[in-house]
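Undergrad: Whatever this is, show me its structure:
(one chain, ligands or ions: 1)
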Amino acid sequence: MTTLHKINQPAVALAVGTVLKYIDEDSAREGLWNTPDRVAEMYGELFAGVGKDPADEIDAIFSEGVTQDPVVIRDIPFYSMCEHHLLPFFGSASLVYVPRRHIAGISKIARALDTAARRLQVQERLTAQWADAVMRRVYPMAVVCRIEAEHLCMSMRGISKPGHKVVTTAIRAIDYTDGYSRREILALLAD
Ligand SMILES: [Zn+2]
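TA: Just a heads-up that it's a prediction; the model follows:
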């Protein structure tokens, strides 16, 4: 088990107040009075996955004997925060796994995604952490995770390309399935 990490909200509020002071010409105005506290509280929510192991969310595992029929979970919406710019990236996540002997509670797989997303992230690592969590807890023959996201740091600043999609894939242990080929499993996640 991992120890629970909580962000220091008073310290974060103080720091946000300092940022406001240096970016706004009138940071004492009424509209900003409670902004530092609101942002600190919001960060508590957005970064609730810090210090947690996404695999711990997958705590409902069921024996299904010998089954190797793929399970596909598609289009799970998610929000995360780019660690380079502190701006959101968001989109949809899909996963296919080929059970070995166990299946997982479907909502638990979505919870593992959320835990991995609620921290300072990059999309590549988020995809890998999600796949690894499923691999460690469900121990399937194969798992493939695919995440499509728009990054606000690419949409509203810098190169300014709203509507783009970044697609990342994490593939684990796919060589060991005997019922389905690599191509067939990947096709289950294709549009
Ligand atoms: Zn970024």
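
Undergrad: drop to CA atoms for contacts and neighbour counts, all remaining ones
TA: Noted.

Undergrad: starting at the chain centroid, how far to the strand or helix carrying Phe90?
TA: Using DSSP states H and E, the element containing Phe90 is strand 88-98. Remark: strand 88-98 is offset 8 Å from the chain centroid, using Cα atoms, centre = their mean, to the nearest Å.

Undergrad: what's the helix or strand just after that strand in contact with?
TA: Counting by DSSP H and E, the next helix or strand C-terminal to strand 88-98 is strand 102-104. Residues from elsewhere that reach strand 102-104 (Cα atoms under 8 Å, 6 or more residues apart in numbering): Ile58, Ala60, Ile61, Phe62, Ser63, Glu64, Gly65, Val138, Tyr139, Pro140.

Undergrad: quick check, nearest of these to the ion?
TA: Ile58 (28.9 Å; Cα to the ion).

Undergrad: Show me what the mean pLDDT comes to for stretch 57-73.
TA: In this model, stretch 57-73 carries a mean pLDDT of 88.

Undergrad: likewise stretch 167-180?
TA: The average pLDDT within stretch 167-180 is 83.

Undergrad: what's the domain layout of the protein?
TA: Domain assignment for the chain by automatic domain parsing gives 9-46, 60-187.

Undergrad: related to what we said a few turns ago, show me what the strand holding Phe90 is packed against.
TA: strand 71-82, strand 142-151, helix 152-155 (3 or more Cα pairs under 8 Å, 6 or more residues apart in numbering; DSSP states H and E).

Undergrad: any idea which of these is most buried?
TA: Highest mean neighbour count of the helices and strands packed on strand 88-98: strand 142-151, a mean of 24 (counted as mean count of other Cα atoms under 10 Å).

Undergrad: Contacts only, for the most centrally placed residue in the chain.
TA: For the chain, the residue nearest the mean C-alpha position is Ala117 (2.8 Å; Cα atoms, centre = their mean). Going by Cα under 8 Å, 6+ apart, Ala117 touches Gly49, Phe78, Tyr79, Ser80, Met81, Leu126.

Undergrad: give me that answer again for 6 Å
TA: Ser80 (Cα atoms under 6 Å, 6 or more residues apart in numbering).

Undergrad: now it: how far from Pro77?
TA: 11 Å (Cα to Cα, to the nearest Å).

Undergrad: Then Ala128?
TA: The separation that Ala128 has from Pro77, given Cα to Cα, amounts to 17 Å.

Undergrad: do Ser181 as well
TA: Ser181 sits 28 Å away from Pro77, going by Cα to Cα.

Undergrad: Can you pull the residues of this structure lying near the ion?
TA: Listed as neighbours of the ion in the chain under the rule Cα under 5 Å from the ion: Cys82, His84, His85, Cys153.

Undergrad: What's the mean pLDDT across the helix or strand containing Val19?
TA: Using DSSP H and E, Val19 sits in helix 9-23. Across helix 9-23, the average pLDDT comes to 97.
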